[in-house]
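need a structure here:
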Amino acid sequence: MFPWQQIDTVLLDMDGTLLDLHFDNHFWLRLVPQTLSQQRGISLNEAQTLVETAYEKVSGTLDWYCLDYWQTELQLDIIALHHTLVDRIALRQDSLPFLQALQQQGKQRILVTNAHPKSLALKLQHTELQSGLDAMISSHETGHPKEHPHFWQQLIQRFDLDPQRCLFIDDSEVILAAAKKAGIGYQLGISNPDSQKPNKVFSDFPAIHDYQMLFKELMA
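Numbers count the residues shown, from 1 in each chain. You can find the predicted model right below:
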């Protein structure tokens with residue numbers, strides 16, 4: 001699938017790519033509307049409509065991923081709510097073996113996430129993810145989400161990367177396209193980001209549902 005001898009660095013998204021996206025989907029699509037419904041004394045349907053409208057307004061921007069923004073916008077204690085669901089934070093079963101295999105083959109492993117630093121810290125605290133990484137960056141450190149070309153420029157500069165020798169793995173086709181446009185050499189989609197939902201279909205990029213599918217080529 002990939003010429004691994006031409007890849008020095010693997011850039012990896014976090015939520016849905018290394019971690020099960022079920023935590024985030026449950027949090028933002030169920031717990032937040034439920035809490036808003038209770039707090040404001042409105043129906044669940046009204047709360048869901050309110051939340052969906054608020055989400056759409058900032059989709060694709062850094063605010064969409066910013067916990068501080070949502071704390072103010074929704075008047076909810078977003079951080080405290082996160083702590084009520086920590087038991088749902090989980091690595092994909094195939095993530096650590098893949099990260100370890102990359103290390104064995106001398107590949108640099110960089111976490112590249114839109115997650116807010118507070119969310120990132122919580123997820124690192126409740127998983128073994130950090131043990132499988134060489135470096136990490138949150139888009140909030142750059143002032144631009146991964147959808148924006150300035151994010152990729154700063155990423156390449158910070159880690160002194162040869163973008164043509166990088167593979168980027170993400171569960172979002174929009175973000176994979178942004179990486180390709182920014183000059184990242186190789187892209188790969190994850191078709192099953194949420195263990196509780198059906199697989200996604202990727203139109204423009206190769207995609208897998210299990211990192212084991214890469215092992216034979218990687219370890220050759």
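
What ranges does the protein have for its strands?
With strands called from DSSP state E, the chain shows them at 9-12, 108-113, 135-138, 166-170, 186-190, 207-208.

Show me what the fourth one is packed against.
Put plainly, it is strand 166-170. strand 9-12, helix 173-181, strand 186-190 (3 or more C-beta pairs under 8 Å, 6 or more residues apart in numbering; DSSP states H and E). Every C-beta, even on glycine, is put in place using the N, C-alpha and C of the backbone.

list the helices and strands the first one packs on?
Spelled out, that is strand 9-12. strand 108-113, strand 166-170.

Mind listing residues that contact the lengthiest helix in the chain?
Ranked by residue count, the top helix of the chain under DSSP state H comes out as helix 44-57. Contacts to helix 44-57, defined as C-beta atoms under 8 Å, 6 or more residues apart in numbering, come from residues 28, 32-34, 36-37, 40, 42, 64, 73-74.

Check stretch 71-91 too.
18-20, 22-23, 26-27, 31-32, 35-36, 39, 51, 54, 67, 70, 118-119, 122-123, 126-129.

coming back round to it: gap between the longest helix of the chain and the chain center?
Its chain's C-alpha centre and that of helix 44-57 lie 22 Å apart, by C-alpha atoms, centre = their mean, to the nearest Å.

Start and end of stretch 111-120, how far apart?
One end of stretch 111-120 to the other measures 10 Å (C-alpha to C-alpha, to the nearest Å).

buried sites along it?
111-116, 118-120 (16 or more other C-beta atoms under 10 Å).

what's the most distant pair in those residues?
Maximum pairwise distance among the buried residues of stretch 111-120 (C-beta to C-beta): 17.7 Å, between V112 and K118.

Give me the local confidence score for the residue of the chain positioned farthest from its centre.
Taking C-alpha atoms, centre = their mean as the measure, the residue most remote from the mean C-alpha position of the chain is G41, 33.0 Å away. pLDDT recorded at G41 is 96.
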